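S.K.: All I have is the shape, not the residue letters:
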């Protein structure tokens with residue numbers, strides 16, 4: 001027989017199988033948690049039974065036929081954690097295997113297994129009460145003691161008792177430790193798993209709860225806010241954002257962002273309400289305010305909140321609430337309020353009547369008209385206020401209302417004082433909550449009815465005045481759908497030139513113009529006979545076929561019972577007024593054309609100024625190249641051509657400035673026939689050969705005070721446009737020039753010109769011609785019929801400006817498919833053509849220190865080089881501020897200042913003013929392309945010695961600088 005110590009250690013080592021058992025049990029409870037209870041207990045019993053059999057493979061023999069192992073601890077734990085069914089299955093498996101092993105101790109072993117199952121089942125029933133280590137200790141000890149009596153069934157009682165005493169302590173301790181420690185581990189694993197399951201289910205329930213809450217809030221259009229008052233942080237849920245059009249967390253969740261979106265008119269009262277609630281002055285927070293939606297409009301919000309947590313001092317620390325969209329409710333309330341206001345304040349009577357003719361509701365005006373109070377009318381019937389309506393008649397009226405939805409008629413109502421009142425009634429069918437009502441609107445027409453009766457009497461009284469009326473008066477009747485003349489007065493007969501017998505019983509439309517008759521067909525001949533009052537213009541045609549403009553006013557003629565018997569037509573002669581309006585329209589169009597031309601002039605001037613600076617650089621560098629390339633004839637020739645082209649460009653800029661009224665081109669007596677011939681000679685090479693050019697140019701027919709370049713421009717633009725009109729099919733271009741006389745009786749359509757002698761230029765083509773709309777806009781700036789990139793729309797506008805500037809006039813005649821002709825008249829003057837001569841003075845050089853100021857760096861560089869070539873010492877500045885600083889630093893250094901007029905920060909005239917404050921005698925020259933503030937007349941009073949016109953040339957610069965310095969030196973010497 002083994003010793004007690006060896007037995008204990010052997011059984012303790014046998015417990016290694018429990019480690020695997022714990023892991024397998026964890027798998028079982030996690031995998032089969034959702035299975036049926038029977039299935040779960042059967043699996044636990046089967047599993048533990050297998051482990052009990054397994055541990056018997058490591059059995060320890062202690063006596064003849066007696067082996068010990070940890071099967072009883074396993075079966076006890078099987079019952080304790082699996083339940084009765086598990087205990088039975090495990091015990092059966094272990095007991096069967098023990099019988100199979102055989103030996104003298106087989107019966108004792110089987111009984112021990114049964115007692116273990118019993119002990120485990122007891123523990124299972126009390127497991128909820130075993131909630132501490134001491135209780136678990138006692139429970140394990142009790143289960144161990146239950147197992148020990150099984151030893152008494154070994155052989156006879158004496159042998160069994162002796163064996164029990166020998167193994168009780170080591171065997172009992174081993175079994176106890178197995179049940180206690182493994183039971184704790186199994187319980188811990190089970191509790192851990194149950195806690196995990198509980199957590200998962202709690203999370204699922206929480207998620208489902210949140211989903212239900214979100215659905216509820218979504219349906220109610222509400223968001224939630226949570227304000228931590230201790231750290232002043234706010235949480236907005238996603239619905240808080242989405243109901244106002246934002247994405248979740250699109251703006252920061254803080255009080256400042258919230259305040260930015262509350263309507264400025266509401267923010268103070270909302271903040272006060274929150275503060276009053278938090279301070280305990282009011283019992284609840286429930287506020288309505290406007291909140292800015294993402295798209296910019298304001299929506300109505302109802303904010304509700306509650307303090308959910310306070311600190312030990314009773315101060316609120318957490319404030320939670322809802323943010324609900326009540327815009328629709330507010331709109332509905334406003335609509336109801338407005339509707340009720342209209343109902344109560346309406347100037348007509350309003351009734352709501354049931355199908356039984358009972359009055360359900362009325363407004364104050366209805367009660368006032370009838371002399372009742374509103375409360376008195378409630379409960380009365382239609383028959384009480386309209387005694388002429390009978391029950392069967394009401395039924396028919398109700399049936400008609402149900403079929404048509406609305407009715408309109410007149411009735412007589414009886415007031416409370418017994419008097420009658422004529423009313424005009426409009427009824428509409430209202431269906432609400434399954435019931436039908438008549439909403440009736442009544443208008444008191446008693447005075448109108450009396451007036452109509454008086455009017456009929458008045459018509460009879462004033463019949464004698466009919467023929468003496470100062471305007472045309474016609475009584476018409478309906479004959480087969482046409483208005484026929486039944487009666488007329490003298491004024492109408494005088495308008496159209498017929499006598500009474502000729503026009504009676506004839507269609508009125510016979511005396512209209514064809515245009516008026518066509519218009520009448522479109523708007524319906526019978527309008528007046530259908531009760532329509534007509535007020536419109538109508539043109540009459542007299543016996544002499546003269547058109548008379550009139551205003552026609554037609555009123556239906558009513559007999560009794562509102563039957564229309566005919567109509568009265570009145571014709572007011574407005575022919576003189578129409579003619580005056582046409583003249584005013586013509587003058588308005590003339591003014592508009594003048595304003596358009598003035599606008600294009602302003603734009604042209606701005607562009608010309610920029611080109612002046614560009615051209616200044618080109619001319620300057622060209623002259624420098626000429627100066628320093630005298631030994632190279634090719635370069636001299638090239639620069640000469642550049643200079644010639646630049647001079648032409650300079651002349652063009654002067655034309656643009658003249659066009660914009662910012663400078664004037666010089667004019668002189670000119671034989672324009674010579675200028676026209678020169679232009680045509682140049683044009684011939686550029687016009688396609690498919691276009692035949694014919695000219696009849698008279699010369700020596702009188703001088704015109706004109707600018708030759710501008711005359712070239714006029715002919716060039718007109719001929720170029722004509723060629724463009726014929727470029728596809730070819731044609732004939734004719735240019736004629738001859739004298740013409742205009743007198744008072746025959747102005748040849750040039751009504752704006754004074755009588756006198758003129759030279760007429762005509763440019764005619766056989767192109768595609770123009771329609772009336774194109775002709776009306778032909779001189780508009782930027783208007784063009786050419787393709788994109790082929791024209792600017794400026795050519796004819798420029799021609800128009802040049803002609804007007806020369807005191808002439810221009811007319812255009814055109815017909816589609818035939819061609820176009822431009823006729824231009826220039827006034828002649830006494831005298832002959834003068835040819836301009838230009839003498840080039842030799843370059844005047846000199847000495848002196850010059851300060852040259854211009855904000856354009858290229859112009860500064862050019863000016864410096866030109867002046868240095870002329871012998872001067874030059875310093876330059878590109879800023880007027882820098883120039884002032886240089887002058888203040890060395891006021892005696894400079895003999896002359898040359899400055900640009902237009903510069904950023906400070907213009908030239910302002911720079912002159914600043915210099916003259918501390919250097920009043922220093923000579924100054926200003927350079928300008930044009931300036932409204934600067935002229936030769938004003939230069940002296942501005943402290944300017946001379947003006948140089950841009951673009952600068954070397955000769956102008958040399959002459960002007962030399963002259964100013966010489967005059968200054970002469971003044972000093974005197």
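M.R.: Yep, that arrived. A quick note: this is a predicted structure, and the numbers were derived from the prediction, not measured.

S.K.: which residues touch the residue nearest to residue 356 when sequence neighbours are not counted?
M.R.: Leaving aside its chain neighbours, residue 356 sits nearest to residue 381 (7.8 Å; criterion: C-beta to C-beta, 6 or more residues apart in numbering). Any C-beta I mention is one placed from the backbone N, CA and C, and that applies to glycine too. Residue 381 is in contact with 356-359, counting by C-beta atoms under 8 Å, 6 or more residues apart in numbering.

S.K.: So how do I select the buried members of these in ChimeraX?
M.R.: The ChimeraX command for the buried members of these (criterion: 16 or more other C-beta atoms under 10 Å) is given here:
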select :357,359
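
S.K.: Can I get the contacts of residue 381 in JSON lines including pLDDT?
M.R.: Converted to JSON lines, the contacts of residue 381 look like this (pLDDT from 0 to 100):
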{"residue": "356", "pLDDT": "92"}
{"residue": "357", "pLDDT": "91"}
{"residue": "358", "pLDDT": "93"}
{"residue": "359", "pLDDT": "92"}
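
S.K.: As JSON lines, the contacts of residue 381 with secondary structure and distance to residue 584 would be great.
M.R.: Shown next, in JSON lines, are these (DSSP: H, G, I helix; E, B strand; the rest coil; distance: C-beta to C-beta, whole Å):
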{"residue": "356", "secondary structure": "coil", "distance to residue 584": "67"}
{"residue": "357", "secondary structure": "coil", "distance to residue 584": "63"}
{"residue": "358", "secondary structure": "strand", "distance to residue 584": "65"}
{"residue": "359", "secondary structure": "strand", "distance to residue 584": "60"}
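
S.K.: The stretch 601-750 of the chain: strands as residue ranges?
M.R.: Taking DSSP state E, counting those that start in this stretch, the strands of the stretch 601-750 of the chain run over residues 668-670, 691-697, 704-706, 731-742.

S.K.: Next, the buried residues of the last one.
M.R.: Yep, that's strand 731-742 we're talking about. Buried residues in strand 731-742 (16+ other C-beta under 10 Å): 731, 733-737, 742.

S.K.: next SSE after that strand?
M.R.: strand 756-765 (DSSP states H and E).

S.K.: Show the average pLDDT along that following strand.
M.R.: Strand 756-765 comes out with an average pLDDT of 93.

S.K.: Would you mind pulling up the elements that the next helix or strand after it packs against?
M.R.: Later in the chain than strand 756-765, the nearest helix or strand by DSSP H and E is helix 772-777. The contact analysis (3 or more C-beta pairs under 8 Å, 6 or more residues apart in numbering; DSSP states H and E) places helix 772-777 against strand 809-815.

S.K.: 10 Å - rerun?
M.R.: Secondary-structure packing of helix 772-777 (3 or more C-beta pairs under 10 Å, 6 or more residues apart in numbering; DSSP states H and E): helix 575-627, strand 809-815.

S.K.: Least confident of those, on average?
M.R.: Taking the mean pLDDT of those, helix 575-627 comes last: a mean of 74.

S.K.: Now do the strands in the stretch 401-550 of the chain.
M.R.: Under DSSP E, counting those that start in this stretch, the stretch 401-550 of the chain gives strands at 406-414, 420-432, 435-444, 472-479, 482-488, 534-541, 547-558.

S.K.: so which of the strands of the stretch 601-750 of the chain comes closest to residue 282?
M.R.: The closest of those to residue 282 is strand 704-706. By C-beta to C-beta, the value is 91.3 Å.

S.K.: Residue 388 reaches residue 423, doesn't it?
M.R.: No. With contact defined as C-beta atoms under 10 Å, residue 388 does not count as touching residue 423 (11.6 Å).

S.K.: more crowded one of these two?
M.R.: A side-by-side neighbour count of residue 388 and residue 423, using other C-beta atoms under 10 Å, places residue 423 first with 25 against 11.

S.K.: excluding its backbone neighbours, what's nearest the more buried one?
M.R.: residue 442 (4.5 Å).

S.K.: so the one you found bridges to which residues?
M.R.: Residue 442 forms beta bridges with residue 349, residue 425, as assigned by DSSP bridges.

S.K.: What count of nearby residues applies to the residue nearest to residue 716 when sequence neighbours are not counted?
M.R.: Computed as C-beta to C-beta, 6+ apart, the closest residue to residue 716 that is not its neighbour in sequence is residue 679, at 5.7 Å. If you count neighbours by other C-beta under 10 Å, residue 679 ends up with 19.

S.K.: mind listing what residue 679 touches?
M.R.: By C-beta atoms under 10 Å, 6 or more residues apart in numbering, the residues touching residue 679 are 708, 711-716, 718-719, 735.
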